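Participant: predicted model, plus sequence, below.
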Amino acid sequence: MTDPADERAGLTDTFASRRYFRKFEAITGHLSRVAAFMEADSRLTRTEVKVLTGHVAALTFTFRALSMKYLMVGRDTGRFFGSLMIDVRDSGFPVASELMTMANDAQQAPTHLANMPSEEALKSDMVRTIISDREIPTKLQFALSQRKYYEELLKGHLFWVRNDPECQWLGNVSDTRRRFLLHWAAYDTQTNLPVIYLMELEDTGKVSLPKDQRRWPEVQAHLMAQALGGLKLLTIAKGFDDDFDDLHPKRLRRYHIGPMYSHEFTRQSGPLRQVLEDAQSPEGQDWALVWTLEDLTSERVIEERSGWFGTVEREVFALDPFAGRGAETGASQTERAIILPQRPFQVLAEQNPPGFAGVTKYVVGEGGRVLRY
């Protein structure tokens, strides 16, 4: 079932749904290895790796919960509960409404679990149905899958549509200047892609930012209101710099995780679709995941008048100098990377389509080993 208006498709087949979730579980596992690779390559600090892998782990747990919810899709469970809707054109990820529904389910998970039979009781009933009635206990399997779904929601640490900012201390620049790393994330409802933000800032306030009962809630609300994929980093950073006189953003990064390409599940256009089609990869290797990093750094500091006698620091951000792209992208630099199994990579290297020369390629080989090209 496909909606041509918004290019969403429902995975109504049990085996297709399970293959889809296995694919994403493998991909998110590889992303953690890529982050470790980037740390060894001195492209990320240990703190940044911990932050990024934390968000990737939350994304993994979200997919795990959804896999339980839709474990019995396509089977006669006695109750219509829909199918997982994915964005087959732009992202390859589930549509944002799936995460919104999941957030609502999480609020009611304790009530649902209190009214459900225990896992032991359901399994006992399954054995009785198989032995005595000689039937496949589909309805009981469905009930157990829903119990597992709500249990996953109760465990927490999931990736939601909004993942509010957290703050980590990086050390003191001086007695009156502290350095922090802020990170937050969102599931872009326009592109159906997870987006992760990291901001390094210096705090010259009287009270440390995470302990400031006035500024910290304001900072969280401000950043989440600006967590829109369509906004340029320069717009976000300058707005933050202007609104908080004693907080000085030195660096802002944004990671767009995806799209995910799969010849089996998606219908994206472009070279990667042809690469995956020609690769004819076996099950589990028919995929490629692209991500984009936008990076904005402060170039220098100027002072502006504030009030009658005061002055405040304002950041001047460096923009990409090549062909005026900085003004267009609102970033100091933009990098693209791709991770894919070895077989599709070989086809990609042979075809060498335009636009991929400057893309960093991470290739998953035997035993999940990741190499960079």
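Facilitator: Right, received. Where do you want to start?
Participant: quick one: the strands in the stretch 101-250 of the chain, in order.
Facilitator: 162-174, 177-188, 193-203, 247-261 (DSSP state E, counting those that start in this stretch).
Participant: mean pLDDT added to those strands, as CSV?
Facilitator: Formatted as CSV, these follow (pLDDT from 0 to 100):
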stretch, mean pLDDT
strand 162-174, 95
strand 177-188, 96
strand 193-203, 97
strand 247-261, 95
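Participant: Phe24: which of the ones you listed is closest?
Facilitator: For the strands of the stretch 101-250 of the chain, proximity to Phe24 was assessed by C-beta to C-beta; strand 247-261 is nearest, at 7.5 Å. C-beta: built from backbone N, CA, C; applies to glycine.
Participant: how about the next helix or strand after that closest one: buried residues?
Facilitator: Remark: after strand 247-261, the chain's next helix or strand is helix 271-279, criterion DSSP states H and E. For helix 271-279, the neighbour count (16 or more other C-beta atoms under 10 Å) marks Leu272, Arg273, Val275, Leu276, Ala279 as buried.
Participant: give the contact list for the residue nearest to Gly365 when sequence neighbours are not counted.
Facilitator: Closest residue in space to Gly365, ignoring its immediate chain neighbours: Gln342 at 5.2 Å, by C-beta to C-beta, 6 or more residues apart in numbering. Counting by C-beta atoms under 8 Å, 6 or more residues apart in numbering, Gln342 touches Gln285, Val363, Val364, Gly365, Glu366.
Participant: Glu25 reaches Phe63, doesn't it?
Facilitator: Yes: at 6.4 Å, Glu25 counts as touching Phe63 under the criterion of C-beta atoms under 8 Å.
Participant: okay, these two: which has more neighbours?
Facilitator: More neighbours surround Phe63 than the other of Glu25 and Phe63, with 20 against 13 (other C-beta atoms under 10 Å).
Participant: which one is the more buried one nearest to, not counting chain neighbours?
Facilitator: Among residues not flanking Phe63 along the chain, Phe24 sits closest, at 4.9 Å (C-beta to C-beta, 6+ apart).
Participant: again with Gly258
Facilitator: Leaving aside its chain neighbours, Gly258 sits nearest to Leu193 (4.3 Å; criterion: C-beta to C-beta, 6+ apart).
Participant: how about the contacts made by the closest residue to Ala337 other than its chain neighbours?
Facilitator: Nearest residue to Ala337 in three dimensions, chain neighbours excluded: Thr360, at 4.2 Å (C-beta to C-beta, 6+ apart). Applying C-beta under 8 Å, 6+ apart to Thr360 gives the contacts Glu335, Arg336, Ala337, Ile338, Arg372, Tyr373.
Participant: ok, now how distant is Thr360 from Lys148?
Facilitator: 37 Å (C-beta to C-beta, to the nearest Å).
Participant: residues of stretch 185-204 that come out buried?
Facilitator: By 16+ other C-beta under 10 Å, the buried positions in stretch 185-204 come out as 185-188, 191-203.
Participant: er, stretch 175-182 I mean
Facilitator: Result for stretch 175-182 [16+ other C-beta under 10 Å]: buried residues Arg178, Arg179, Phe180, Leu181, Leu182.
Participant: which of those residues lies closest to Leu140?
Facilitator: Taking the buried residues of stretch 175-182 together and measuring to Leu140 by C-beta to C-beta, the closest member is Leu182, at 46.7 Å.
Participant: what's near enough to touch the closest one?
Facilitator: Contacts of Leu182 (C-beta under 8 Å, 6+ apart): Pro165, Glu166, Cys167, Gln168, Tyr197, Leu198, Met199, Glu200, Leu201, Val219, Leu223.
Participant: mind doing that once more with 7 Å?
Facilitator: Listed by C-beta atoms under 7 Å, 6 or more residues apart in numbering, the contact partners of Leu182 are Pro165, Cys167, Met199, Leu201.
Participant: now do the domain split for the chain, please.
Facilitator: As assigned by automatic domain parsing, the chain contains the domains 2-155, 185-372.
Participant: tabulate the ones you listed (CSV), appending distance to Val173.
Facilitator: Shown next, in CSV, are the domains of the chain (distance: least, C-beta to C-beta, whole Å):
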stretch, distance to Val173
domain 2-155, 16
domain 185-372, 6
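Participant: what does stretch 38-52 rub up against?
Facilitator: Stretch 38-52 has contacts (C-beta under 7 Å, 6+ apart) with Ala35, Ala36, Gln168, Leu181, His183, Ile196, Leu198.
Participant: so which of the residues you listed comes closest to Ser306?
Facilitator: Distances from Ser306 to the contacts of stretch 38-52, taken as C-beta to C-beta, are shortest for Leu181 (26.6 Å).
Participant: hang on, that closest one packs against Gln168?
Facilitator: Yes: judged on C-beta atoms under 7 Å, Leu181 makes contact with Gln168 at a distance of 4.6 Å.
Participant: burial count for Asn163?
Facilitator: So Asn163, with other C-beta under 10 Å, has 21 neighbours.
Participant: who does it bridge with?
Facilitator: Beta bridges link Asn163 to Ala185, judged by DSSP bridges.
Participant: quick one, what contacts it?
Facilitator: Per C-beta under 7 Å, 6+ apart, neighbours of Asn163: Trp184, Ala185, Ala186.
Participant: what's the answer for Asn172, then?
Facilitator: Neighbouring residues of Asn172 by C-beta under 7 Å, 6+ apart: Arg178, Arg179.
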